[in-house]
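Asker: Sequence and computational prediction follow.
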Amino acid sequence: MLKRIVSGIALTLLLISMLTLAFNIQTVKASGTIYIRADGSIDPPTAPIATVDNVTYTFTDNINDSIVVQRNNIIIDGSGYTLQGRELEYEYGFRLYRVKNVTIITTNINGFDGFGGAGIVLDDESGENIILGNIITNCFWGIEMENSFNNVLRANNMIGNRYHFAVYADGLCFWNISYYIHDVDSTNLVDNKPIYYWVNKRGTYIPPDAGYVALVNCTDITIEGLNLQKIGETLLFQTKNSRITNNYIANNFQGIKMISSYNNSLLNNKIVNNYHHGVVLSFSDNNTLSWNEARGNGEGISVEGSRNNLISNNVVTNNTYYGISSALSSNNNIFGNDIANNFHGVSLWGSSDNVSNNNIAKNGYGIYLYGSSGNLIFHNNFVQNTQQAIIEITSFNIWDDGYPSGGNYWSDYSGTDFYNGPYQNETGSDGIGDTPYVIDANNTDRFPLMKPWNTYFHDIGILNVEVSKTVIGQGFPAEVYIKVINYGEIVEAISFEIYANETLIGNGQISYLTPMNQTNITFRWNTSGFAKGNYTIWAYAWPVEGETDTADNTFVDGWILVTISGDINGDFKVDIKDLVLSIKAFGSYPTHPRWNPSADFNNDNKIDIRDLVLLLKNFGEHYP
């Protein structure tokens, strides 16, 4: 009922508030910070806010300063008056602190533009509040929701703020999904462009008029061709298999932030002049960041507590602190990037990653390692950095790919190349320095290159392997989904194979895959003839001519249990437990909230009487 009422009056309130902003020219009255106390009183009582029932509070004039709301279950009606800031640091128009069911409507909020200030702040367990039909202008933050939940925003217009809108959780709460679940629809505007705050959506595109984007628990969403500026960040929280491509993301607090998200692709974006990070991955695995420009940010690309991400072929320049940083992370591949004119080119903090084929030039520190061991660092070009490599806290890393592949190119290397061989004791040059490049007592490039390393033009890989269900009846088919990418610079023809354990179950060819593009392949595996038991599904892409980086040509991820038809829970028997699961899912289909793919025995994307008959036919069966 609430949502219908809110939706019905949202646009009307927005128009009224905009007209009020245009014509209300009364003098703003100073009153000091105002509190609506938990007992319903107004402090000070002389403030131009009236109430007769301690439920509805109405402005009677313009107000100069902040309002702190400490009472639950109230309505604050600005009546088109102005709440005016004084340009103080961390000064807020409305602050809702640990309150619920507070409604703020039709207020003009202006001038809370001191550092960290905000028009409206909902924080510290504030939930189920309604922010409706307000105009927020010239603030540091427009609306900021921190560690809050289930708030409703409708028909608010944020114009000319330093950063219009942000939703986040901090401290140990930052990955608590409840703090990202809000009802924020596209009647809310940032510089007259709609907000798209999506929760639990899949398989669609963000509209091209977006001014703000957040994806919470979403799957297979495309964000493409957008101009996103002056917002907190473009947020992906617990989102997978989505694409952020060809966007201009600039002048935000942060560019793109992914939290607990995986198998996403960030390709060909221009991410510039953001105050904090250009891109940050927090506890997010198996993502691809390629062919982006990260320039002029506080930090270019940061990885925190994340694994198996590919960061390749990006231009990362002129960032204030770090070009690319990795903290408490492992097995990320930092490959083929141009990293120049940053304070730190590459920084590793307690991380173990692969750093190869990068051009690292004219930074303060080329590469900085703090307590980081087990990194593989080779085929990079370290050129004219103030200090090529700095290591703090004892660590042990590998700085070459053995002989004859070699190590890195160091522009300050002064050695000669008169000899060759793994011990550099055979007459004749080989492009590798005769003496090692020593970084410290525990870190040495044994085979420094005499000339800069050239990056690869041919490189393909498999990004993902998934199966349509994890439990299947013997003799019935399952869908296997494969995602293949061309990381290289020319069109490739790609041959691939699909295996269940060590048995080949399918193969094929992609005849034409353009550079930095990816494609999805669907293969139907018929389980007839396969013994009951667990199977690991994996795929292999044959290396293309000239490809040398083949580590990602194999992807092992999907698994499936082949069992008796009718066995839904995978315990190798068909009994009352399976019947209950089948009845619970009866009538469902993909995207339905009760959908259980393992109960769709005949694989027709619906759970109906046919599936129930198959279960009853085998009722009481067990294996062995």
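Answerer: Looks like it came in fine. Numbering: from 1, shown residues only.

Asker: quick one: low-confidence parts of this structure?
Answerer: 1-31, 454-457, 487-489, 515-516 (pLDDT under 70).

Asker: The residue nearest the centre of the chain and Gly142, how far apart?
Answerer: Centroid-nearest residue in the chain: Met258, 2.2 Å away (criterion: Cα atoms, centre = their mean). According to Cβ to Cβ, to the nearest Å, Met258 and Gly142 sit 23 Å apart. From N, CA and C alone the C-beta is placed, and that goes for glycine too.

Asker: do the same with Thr245
Answerer: 27 Å.

Asker: More neighbours: these two, which one.
Answerer: Using other Cβ atoms under 10 Å, the more surrounded residue of Thr245 and Gly142 is Gly142, with 33 against 17.

Asker: which one is the more buried one nearest to, not counting chain neighbours?
Answerer: Met158 (3.6 Å; Cβ to Cβ, 6 or more residues apart in numbering).

Asker: Surely that neighbour is in contact with Val184?
Answerer: No: Met158 lies out of contact with Val184 (Cβ atoms under 8 Å); the separation is 12.0 Å.

Asker: Which one of the two is surrounded by more residues?
Answerer: Met158 (30 against 23).

Asker: Tell me the residue in this protein that is farthest from the middle.
Answerer: Thr427 (52.8 Å).

Asker: Quick one: neighbours of the nearest residue to that residue once chain neighbours are set aside, just the number.
Answerer: The shortest distance from Thr427 to any non-neighbouring residue, by Cβ to Cβ, 6+ apart, is to Tyr419 (6.4 Å). Tyr419 has 17 neighbouring residues, counting by other Cβ under 10 Å.

Asker: buried stuff in stretch 390-402?
Answerer: Ile390, Ile391, Ser395, Asn397, Ile398, Trp399, Asp400, Asp401 (16 or more other Cβ atoms under 10 Å).

Asker: helix, strand or coil for Leu581?
Answerer: helix (DSSP: H, G, I helix; E, B strand; the rest coil).

Asker: list the contacts for the residue nearest to Gly142?
Answerer: Residues in contact with Met158, defined by Cβ atoms under 8 Å, 6 or more residues apart in numbering, are Gly119, Ile136, Thr137, Gly142, Ile143, His164, Phe165, Asn188, Leu189, Val190, Asp191.

Asker: In a markdown table, list the residues you listed along with secondary structure.
Answerer: Below are the contacts of Met158 laid out as a markdown table (three-state DSSP):
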| residue | secondary structure |
| --- | --- |
| Gly119 | strand |
| Ile136 | strand |
| Thr137 | strand |
| Gly142 | strand |
| Ile143 | strand |
| His164 | strand |
| Phe165 | strand |
| Asn188 | coil |
| Leu189 | strand |
| Val190 | strand |
| Asp191 | coil |
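
Asker: so how far is Asp600 from the closest residue to Ala599 other than its chain neighbours?
Answerer: Spatial nearest neighbour of Ala599, chain neighbours left out: Ala585 (4.4 Å); criterion: Cβ to Cβ, 6+ apart. Using Cβ to Cβ, one obtains 8 Å as the distance from Ala585 to Asp600.

Asker: where do the contact lists of these two overlap?
Answerer: Ile607.

Asker: Comparing these two, which shows the higher neighbour count?
Answerer: Taking other Cβ under 10 Å, Ala585 and Asp600 do not tie; Asp600 has more neighbours (25 against 20).

Asker: these two touch, right, that one and Ile607?
Answerer: Yes: using Cβ under 8 Å, Asp600 makes contact with Ile607 at a distance of 5.4 Å.

Asker: Tell me who's in contact with the residue nearest to Val102 when sequence neighbours are not counted.
Answerer: Of all residues not flanking Val102 in the chain, Asn129 sits nearest, at 4.6 Å (Cβ to Cβ, 6+ apart). Residues near Asn129 by Cβ under 8 Å, 6+ apart: Leu96, Val99, Lys100, Asn101, Val102, Thr103, Ile104, Leu122, Ser148, Asn151, Val152.

Asker: How about the fourth one, nearest residue that isn't a chain neighbour?
Answerer: What sits nearest to Asn101 in space, not counting adjacent residues and going by Cβ to Cβ, 6+ apart, is Asn73, at 4.6 Å.

Asker: Just list the residues touching that neighbour, thanks.
Answerer: Val55, Lys100, Asn101, Val102.

Asker: how far away is the closest residue to the first one other than its chain neighbours from Asn150?
Answerer: Put plainly, it is Val55. Distance criterion Cβ to Cβ, 6+ apart; nearest residue to Val55, sequence neighbours excluded, is Ile74 at 5.6 Å. As judged by Cβ to Cβ, Ile74 and Asn150 stand 17 Å apart.

Asker: wait, doesn't Gly232 sit right on Ala166?
Answerer: Yes: the pair Gly232 / Ala166 is scored as a contact, 2.6 Å apart, by Cβ under 8 Å.

Asker: Show me whatever sits in contact with both of those two.
Answerer: In contact with both Gly232 and Ala166: Trp141, Glu144, Phe253, using Cβ under 8 Å, 6+ apart.

Asker: Quick check: next helix or strand after the helix or strand harbouring the second one?
Answerer: Element membership for Glu144 (DSSP states H and E) is strand 141-146. Beyond strand 141-146 on the C-terminal side, the first helix or strand identified by DSSP H and E is strand 152-154.

Asker: quick one: secondary structure of Asn54?
Answerer: Asn54 ends up coil, using three-state DSSP.

Asker: what about it, how many neighbours?
Answerer: 15.

Asker: How much space separates the nearest residue to it once chain neighbours are set aside from Val102?
Answerer: Spatial nearest neighbour of Asn54, excluding adjacent residues (Cβ to Cβ, 6+ apart): Gly40 at 3.2 Å. Look at Gly40 and Val102: by Cβ to Cβ, they are 13 Å apart.

Asker: which one of the two has more residues nearby?
Answerer: Between Gly40 and Val102, Val102 has the larger neighbour count (other Cβ under 10 Å), namely 25 against 15.
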